[in-house]
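[1] Here you go, sequence then predicted model.
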Amino acid sequence: MTMLSAQALMGELRSILAQEKSWSLLTSYISEYRKTFESEEGSAILIPYLLDHLSPQEGMREMPQEWFKIVDETTIISHLCLLGNSLNLEDNNLGDVREIANSPHLQNLTSLNLGYNNIGDEEAIEIANSPHLKNLIHLNLWANWIGDEGGRELANSPYLQNLTSLSLGINQLGSEGVKEIANSPYLKHLTYLNLYGNDLGDEGVREIANSPYLKHLTYLNLEYNNIGEETQALLRQALPNTEISF
């Protein structure tokens, strides 16, 4: 197949973005002309153009995993982050997030969504140990496989001390994981905490009630955590200004 120039592909790209707005069509198209997209000219012209016109489109914010196999990951991340301070990679089955966590292009990022990505303790540790995430304010790790170990590392990361919003709903933290969160001085700025469906039980929730660092919470989600009425009352007394969802 003849390798078309980046400029030659621009017209077709405009048509796809203007009419179809389909990830599957774009993925197929980029795969077909992969060499052009991976070339120096393609990286300089096509990728910035593509991402600049995709990001504002409703329903086109999430990037499918296939894209990470098509062009250099840091090239994509770099241009995504140039569009703003928020990166949404929800529901992409990424698993291994080392390339993302270790990318220097993320140093100005304030919001990162990695929900539904099969992230376990090992990947959570990569996130916790990334100095490039030091400016994060919002971190969404909803619906992954993060347990006590991952929760401990996230809670005790000095790089995440600017967080005001943390979502760890539908993971596997348990009482030990939430104990680390409740007793971490690095999370003292949190105003939003979502721990939905983590089987925390009364023991774990008492840790939150006794925490000297979670007093600034304005919203706390503890639904589906097997919490008794007595413990619920204790928590409401400890956090009278917090909207709590049991």
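    Looks like it came in fine.
[2] Burial check on Ile100, number of neighbours?
    Counted by other CB atoms under 10 Å, the residues lying close to Ile100 total 26. To be clear about C-beta, it is placed using only N, CA and C from the backbone, and glycine gets the same treatment.
[3] Would you confirm that it contacts Asn113?
    No - counting by CB atoms under 8 Å, Ile100 does not reach Asn113; the two are 11.4 Å apart.
[4] who touches both of those two?
    The contact sets of Ile100 and Asn113 overlap at Leu89 (CB atoms under 8 Å, 6 or more residues apart in numbering).
[5] so what are the domain limits for this structure?
    When the chain is parsed into structural domains using automatic domain parsing, the resulting residue ranges are 8-83, 85-246.
[6] TSV please, covering those and showing mean pLDDT.
    Formatted as TSV, the domains of the chain follow (pLDDT from 0 to 100):
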stretch	mean pLDDT
domain 8-83	59
domain 85-246	94
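[7] Out of these, which is the most enclosed?
    The highest average neighbour count among the domains of the chain, using mean count of other CB atoms under 10 Å, belongs to domain 85-246 at a mean of 19.
[8] Now do that domain: distance to the chain's middle.
    Offset of domain 85-246 from its chain centre (CA atoms, centre = their mean, to the nearest Å): 11 Å.
[9] ok, Phe246 touching Glu229?
    No - at 9.2 Å, Phe246 does not count as touching Glu229 under the criterion of CB under 8 Å.
[10] show me what contacts Tyr159?
    Counting by CB under 8 Å, 6+ apart, Tyr159 touches 128-131, 133-134, 136.
[11] Export the residues you listed as TSV, with columns for distance to Gly150.
    Compiled in TSV, the contacts of Tyr159 are given as follows (distance: CB to CB, whole Å):
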residue	distance to Gly150
Ala128	8
Asn129	11
Ser130	14
Pro131	18
Leu133	15
Lys134	19
Leu136	16
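[12] Closest one of these to Gly151?
    Ala128 (9.6 Å; CB to CB).
[13] looking at it, the closest one is touching Leu154, isn't it?
    Yes - between Ala128 and Leu154 there is a contact at 4.8 Å, judged by CB under 8 Å.
[14] Now the common contact residues for the two.
    Contacts common to Ala128 and Leu154, judged by CB under 8 Å, 6+ apart, are Leu160.
[15] in a strand, that's where Leu109 is, yeah?
    No - judged by DSSP: H, G, I helix; E, B strand; the rest coil, Leu109 forms no part of a strand; its state is coil.
[16] contacting residues around it?
    Shown in contact with Leu109 (CB under 8 Å, 6+ apart): 81, 85-87, 132-133, 135-136.
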